[in-house]
Structure formats: structure tokens, C-alpha cells
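In: based on what follows, work out the 3D shape:
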Amino acid sequence: MLDTSIVPTRYWHLLEDGRVQCDVCPRVCKLHEGQRGLCFVRARQDDQIVLTTYGRSSGFCIDPIEKKPLNHFLPGTPVLSFGTAGCNLACKFCQNWDISKSREIDTLADAASPEQLARVAKELDCRSIAFTYNDPVIFHEYAIDVAQACHEAGVKAVAVTAGYVCPEPRAEFYRYMDAANVDLKAFTERFYKYVTGGHLDAVLETLTYLKHETDVWFEITNLMIPGENDSEQEIHAMTEWVVKNLGPDVPMHFTAFHPDWKMRDKGNTPAATLTLAREIALGKGIHYVYTGNVHDNRGGTTTCYGCGKALIVRDWYVINEWNLAPGGTCPDCGTQCHGVFEDQPGNWGAKRMPVRLSA
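Out: Numbering: from 1, shown residues only. Have a look, this model is predicted:
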């Protein structure tokens, strides 16, 4: 029987020494026949690079959109979320390591065609579908096909990503995305090299591309790890770069780390560290700054940068107050709140609902 989970890809080329180089991400894995890239899901087969997990997932779940986190994209609405196995980075602190670091096909217990996913999302009243839990860059072809099917059904597409991707596939990928959350893991090359196995510049290029060459709504997350990427100096440098290169209207989320995978020697991020990062970012002129993975009503509230009015008051993922005027403006001073808003928020709240699609 033909294995429909294996599909050919376009981003690769043959090297003079006979190896085939994958050109999807800056890792540029160079493979002999039968080898897999570090991501696990892209492999060399019959002298080309194939995706080995098309249509297969580690599971599906309906989440609040704020969990991605996206606070300015259809607030309060449910999003059908899924990932696959593998990842193209090697973060020692990965908090989805059972999925992203998996090397077992058995992890991919659920399966669905793009058309089935679009139909299910629509039937379950999900306003969007999110490629998350691991990076959709590595299942590029499947993610794009799902996004196209969802658009035909009136469902938006969301990428939760580390932004570690080469220019040509990046342009194709984001042509089909409506929103993204990009994980800016740190602001030093040392951290990226020794803690993630990647490089900072490629991520900054993705952020700059999203801002200046697409209409994709995106927000930035920084997971703050004690002693690794949480210094005041680093937060000053990061937020200065964001304001200078992306402008003040890209929301930033500073989120708390908990010990996991290969970084269990670090403690949880103190809430005070997140609060300080938020204050630094606001002081640099960023209009929307949030704290995450902690209970912090102030850090979860969307505030008008014009007059200070609380526009969206959240308790974790629950919206307790909605004060945006139609068109996403402040009702007191008329300042525009940047994002993708409707006149009223959704009411999904904090619910998390697993969904089984396979028979």
C-alpha cells in the first residue's frame, strides 16, 4: 500500500559530494540516502528530500487563542491546535519535548487530511487552526495545504514558531498564514548557539520579514530562564531592537520558565522578573506587553497606550471585561488598539478540549 504520509518536497539541492541538502531551515542538513534531518520528519529518500509525516499528528486539541499566546487576534475564540513529531532546534529547555524531541512514529497517533481538518474546525466553531506544540516549519507542505483548505472554509491559520527558516520557504509559508507567534528565545548568539543549537540572526530576519513584507498579524514570546536570558541588559537590548526594527505595536509576551527536559537544574522564573521585563519594555515604548505562565491580572490586561484605559481585562485566558469600541479603538480617547478584533470577543474562556479525528 502506498504510504500517503510520505510526500516530495521542493526545498533541497544535490551537493557535489553526492549528499542532498535540505534548504527549509538554516540548519541545512546534508543527508545520505536513508538519513533523516535533525528535525526527524524530513528525510532523504530516492535522492530527494521528502516529508515523512504528511497528514499525521501527535494529537488535536481546542485551546483558547490566548494560549498560543495571541492576545490581539480574535480574542476569546477557540483554536483547533495540533503538532507533529520532531523539531529543527534542539532547545535544552523544551517544554513540549515529548512531542518536539520524539523520534517515534508512534507519537503520530492521529491523522487527518487538510480537508478533514478544515471541516472539523468549522463544525466545532473554531475561528482558526494553529500549527503548534512543535514548529510548523518542519511540516511546511502539510501546514500550507491545511491553511489553504481552512481558508476555503472561512477558518484562519496561525503559526506558532521559532522563526528558524530560510528566506524562500519562509515567503511561501507566510503567504498562507493569518497570524503568528514567534518565539524570540533570547537576544544573544551565545544562548542560541549553546542552548538551542541555532542562530539568532535568522530569527531576527524572520521578524523583520513579517513586519515589513507581509500582512500577517504577529506577536513575540520570550521565555525567561533564570541565569540564562533574563538579565536587565539583555531585555533592554531586545526591546530596543524591537522598537527600532518592528515598531511599538508588536505585542510582546514575557513568560515564566519551569524546569523541564535537559534544563531541570534551573528554578522557576520569579514573577518579579517578568514584571521587571514588562516595565522595561513599556519604558522603551512598546505599547502592548504581557506576562505569561503566572497569575498576573495587570500583566494580562490590554491597555490603551493613549490614555491608559483598560481595554481587555483578562484572568489567565478568561476575558472579564471588554471595553474596545467598534473598530478596535479606545472608547475614551479614540486611540487605535492594534490587532485583529471583532466588535465582540469570543466566549471560549480557558477550556481545553482534546479532539480525536482518527477512527
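In: show me where pLDDT drops low in this structure?
Out: Within the chain, the ranges that satisfy pLDDT under 70 run 1-3, 95-109, 260-263, 358-359.
In: what is the longest strand along it packed up against?
Out: In terms of residue count, the longest strand belonging to the chain (DSSP state E) is strand 217-224. For strand 217-224, the contact count by 3 or more CB pairs under 8 Å, 6 or more residues apart in numbering; DSSP states H and E identifies strand 179-183, helix 200-213, strand 252-256, helix 271-284 as packing neighbours. For glycine as for every other residue, the C-beta is placed from the backbone atoms N, C-alpha and C.
In: can you add mean neighbour count and distance to His236 and give these back as a markdown table?
Out: What follows is the helices and strands packed on strand 217-224, written out as a markdown table (neighbours: other CB atoms under 10 Å; distance: least, CB to CB, whole Å):
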| stretch | mean neighbour count | distance to His236 |
| --- | --- | --- |
| strand 179-183 | 24 | 20 |
| helix 200-213 | 18 | 16 |
| strand 252-256 | 24 | 13 |
| helix 271-284 | 18 | 6 |
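In: who wins for proximity to Leu38 among those?
Out: Across the helices and strands packed on strand 217-224, the minimum distance to Leu38, taken as CB to CB, is reached by helix 200-213, at 14.7 Å.
In: now the angle from that closest one to strand 217-224?
Out: Orientation note: helix 200-213 sits at an angle of 150 degrees relative to strand 217-224 (axes from the mean of the first three to the mean of the last three CA atoms, to 10 degrees).
In: helix 200-213 vs strand 179-183, what angle?
Out: Using the same axes, to 10 degrees, helix 200-213 lies at 160 degrees relative to strand 179-183.
In: just the residues contacting helix 200-213, thanks.
Out: 25-26, 162-167, 170-171, 174, 180, 182, 184-189, 191-192, 216, 218, 220, 241, 245-247, 250 (CB atoms under 8 Å, 6 or more residues apart in numbering).
In: same question for stretch 55-64.
Out: Contacts for stretch 55-64 (CB under 8 Å, 6+ apart): 4-5, 76-85, 99, 102, 107-114, 120, 124, 126, 130, 133-134, 142, 317, 348-357.
In: okay if I get the helices and strands packed on strand 217-224 as JSON lines plus distance to Pro69?
Out: As requested, these are exported to JSON lines (distance: least, CB to CB, whole Å):
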{"stretch": "strand 179-183", "distance to Pro69": "6"}
{"stretch": "helix 200-213", "distance to Pro69": "16"}
{"stretch": "strand 252-256", "distance to Pro69": "5"}
{"stretch": "helix 271-284", "distance to Pro69": "13"}
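In: partner residues bridging Val313?
Out: In this structure, Val313 bridges to Glu321 when assessed by DSSP bridges.
In: ranges for the helices of the stretch 1-150 of the chain?
Out: Counting by DSSP state H, counting those that start in this stretch, one finds helices in the stretch 1-150 of the chain at the ranges 97-100, 114-123, 140-152.
In: picking that back up, quick check: ChimeraX command selecting the buried ones in the contacts of helix 200-213.
Out: For anyone working in ChimeraX, the buried entries among the contacts of helix 200-213, judged by 16 or more other CB atoms under 10 Å, can be selected with:
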select :25,26,162,163,164,165,166,170,174,180,182,184,185,186,187,188,191,192,216,218,220,241,246,250
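In: list only buried entries from the contacts of stretch 55-64.
Out: For these, a burial check counting by 16+ other CB under 10 Å picks out 5, 76-85, 99, 102, 107-108, 110-114, 120, 126, 130, 133-134, 142, 317, 348, 355, 357.
In: quick one, domains of this structure?
Out: For the chain, the structural domains run 7-51, 57-301, going by automatic domain parsing.
In: ok, for the residue nearest the centre of the chain, nearest residue in space, not its chain neighbours?
Out: Closest residue to the average C-alpha location of the chain: Val160 at 1.6 Å, with CA atoms, centre = their mean. Distance criterion CB to CB, 6 or more residues apart in numbering; nearest residue to Val160, sequence neighbours excluded, is Thr132 at 3.8 Å.
In: right, I'll leave it there.
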